[in-house]
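Chemist: Provide a 3D model corresponding to the input given below.
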Amino acid sequence: MTQIHDVALEAGGHGFRIRVYPATQPNGAMLVWLHGGAFMFGTLEMPEADQVARRLSADGTTVISVDYTLAPLDALESLTPPSEDAGFPSPEQLRAEAEAAGPRARFPVASLQVVEAFDWAVANAERLGARPEQVALGGASAGANLSAGAAMRLRDRRTTMPAVLALVYPSPHDGILPPNDELARLLQDVPPEHIFTPEVRSAINRNYLPDGIDPHGYAFPGGHDLTGLPPVLIVNAELDSLRASAEAFAAELARASVDVHLVRQRGAMHGYLNEIGHPAAEHTLALLADAVAGAPRREANS
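Modeler: Take a look at the predicted model:
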């Protein structure tokens, strides 16, 4: 059986790597997966990357975890980010990651790397026990945004599309959308350190896309033409100020005649996939496995 291994790739003028988690008993499905971390943080070793990949590969889906080039840390001084419990590293971890991450770059480097990783997955699917037409794309938080933006690029390129797009607690719009009354009431009981404020979100986004110019939606797909995207699974954390964006995105997908399945994880806060054994994480892993394994086959240009 092929072991977990890394592969070096290049895109956007930067080298990066992917980590291949071959399925123990392949079911024909493959998932290209991206961790979150405000575009600035995160590693292949964090639970949101490694545990997701290990669990899904043990369930039959080969996973390609992408170690995309991270954005610079220029925004750190202006941020008071959510706590470590919400998926953000501690100050000590931040320093270690900053030293280990190597060269950093802003949009569009990571976005181009996701497309390259997806192309590699399609080209190598058969030798890893998967079908090229059953390669899915997905991620969590910033990784979900990167996945959705890459799907927009692939659609516009008019070649092979992901079989399904799986987005966990995404924020597809450039900014915090106002909460509805229900979400506003729920957020009143959430500790402030667990909430993304408009100021924090703006600092994160301008660090990634400084000029805010995104005519094609490759950085933030929300509010753009979503016609022609593959079926989409969106899994939200109920107690998350970013939830309003994900719910609005689901409505936009439906209006664009894209099949969308929207799930809310009750009582969960942003970043819960980093909490191994969390009930919401367990349910989300099951949803991901079912969505990817049951994805309809999509031919190129379909």
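
Chemist: what about the strands in this structure?
Modeler: Using DSSP state E, the strands of the chain run over residues 5-11, 14-21, 28-34, 62-67, 130-140, 165-168, 232-239, 260-269.

Chemist: counting neighbours, what do you get for Glu126?
Modeler: Each residue near Glu126 was counted by other C-beta atoms under 10 Å, and the total is 11. All C-beta spots, glycine's among them, are computed from the backbone N, C-alpha and C.

Chemist: return the residues in contact with it.
Modeler: Listed by C-beta atoms under 8 Å, 6 or more residues apart in numbering, the contact set of Glu126 reads Pro132.

Chemist: please repeat the previous calculation with a cut-off of 10 Å.
Modeler: Counting by C-beta atoms under 10 Å, 6 or more residues apart in numbering, Glu126 touches 28, 132.

Chemist: and Pro198, how many neighbours?
Modeler: If you count neighbours by other C-beta under 10 Å, Pro198 ends up with 12.

Chemist: just the pLDDT at it, thanks.
Modeler: Per-residue confidence (pLDDT) for Pro198: 94.

Chemist: likewise Phe118?
Modeler: pLDDT, Phe118: 98.

Chemist: measure it to Arg155 for me?
Modeler: Going from Phe118 to Arg155 by C-beta to C-beta, to the nearest Å gives 12 Å.

Chemist: anything in contact with each of the two?
Modeler: Joint contacts of Phe118 and Arg155 (C-beta under 10 Å, 6+ apart) are 161-162.

Chemist: comparing these two, which residue is more hemmed in?
Modeler: The residue with more neighbours, out of Phe118 and Arg155, is Phe118; 25 against 17, by other C-beta under 10 Å.

Chemist: returning to what we had before: out of the strands of the chain, deepest packed?
Modeler: strand 165-168 (a mean of 30; mean count of other C-beta atoms under 10 Å).

Chemist: low-confidence stretches in the stretch 51-200 of the chain?
Modeler: 75-101 (pLDDT under 70).

Chemist: rerun at 50
Modeler: Filtered on pLDDT under 50, the stretch 51-200 of the chain yields the residue ranges 81-83, 85-87.

Chemist: isn't His278 right up against Gln265?
Modeler: Yes. Counting by C-beta atoms under 10 Å, Gln265 is a contact partner of His278 at 9.1 Å.

Chemist: and for the two, which residues touch both?
Modeler: Taking C-beta under 10 Å, 6+ apart as the criterion, His278 and Gln265 both touch 272, 284.

Chemist: report the contact partners of Val109.
Modeler: Counted by C-beta under 10 Å, 6+ apart, Val109 has contacts 11-14, 16, 68-71, 103.

Chemist: just the helices in the stretch 151-300 of the chain please.
Modeler: 181-187, 198-208, 243-255, 279-293 (DSSP state H, counting those that start in this stretch).
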